[in-house]
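Trainee: fold the following for me, if possible:
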Amino acid sequence: MPAEYQALVHPFGPLFDKDSRVLILGSFPSVKSREQAFFYGHPQNRFWPLIAKLLGEEVPLREDIEAKKRIILSHHLALWDSIGSCEIIGSSDSSIRNVRANDLSIITNAAPIRKIFCNGAASYKMLQKYGKVPESIPVGQLPSTSPANAAWSLDRLSGEWQQILEYLQ
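Mentor: Alright, predicted model coming up:
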């Protein structure tokens, strides 16, 4: 039986505080992230090992959401996704249709965001097509940490992603 589209609304809110300087946007939560009700929940997604490496932190346990929140907020990061609702098959970014963007002003009006980085091409494409970003905030695209982007090793991702550090100073 072929997989079917599901009409979904993003199941959890953004992670940020008044000191967040860099906003990292995914596209839409994977099945595993939706089950966990938190960002980058798939065990093979390299986001958490990558962020830990860049920030000099221990890699948090997959189920330790409080440790993940502490890492993000203590380093002045923010997390959310470009898409607020869509139709999707499983976790497949390529299947996404009928998109409604998340309202990023929830974050950009409350925190001094210096730059928005999209985690992968799908997030960037969706943000460009459907999102609204204040003109004063630059947007960049980074290679995806998804297991679907297997051509990129953790070291190679780290080389590209280290540019977020200059906006955290």
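Trainee: mind listing what the residue nearest in space to the middle of the chain touches?
Mentor: The structure's the chain has its C-alpha centroid closest to Gly26; by Cα atoms, centre = their mean the separation is 3.0 Å. By Cβ atoms under 8 Å, 6 or more residues apart in numbering, Gly26 lies in contact with Phe39, Tyr40, Leu79, Trp80, Asp81, Ser82, Asn119, Gly120, Ser123. Where C-beta positions appear, they are placed from N, C-alpha and C, glycine not excepted.
Trainee: out of those residues, name the ones that lie in helices.
Mentor: Ser123 (DSSP state H).
Trainee: so how far does stretch 95-107 reach from one end to the other?
Mentor: Distance between the two ends of stretch 95-107: 27 Å, counting by Cα to Cα, to the nearest Å.
Trainee: show me what counts as buried in it.
Mentor: Within stretch 95-107, the residues scored as buried using 16 or more other Cβ atoms under 10 Å are Ile96, Val99, Ala101, Asn102, Leu104, Ile107.
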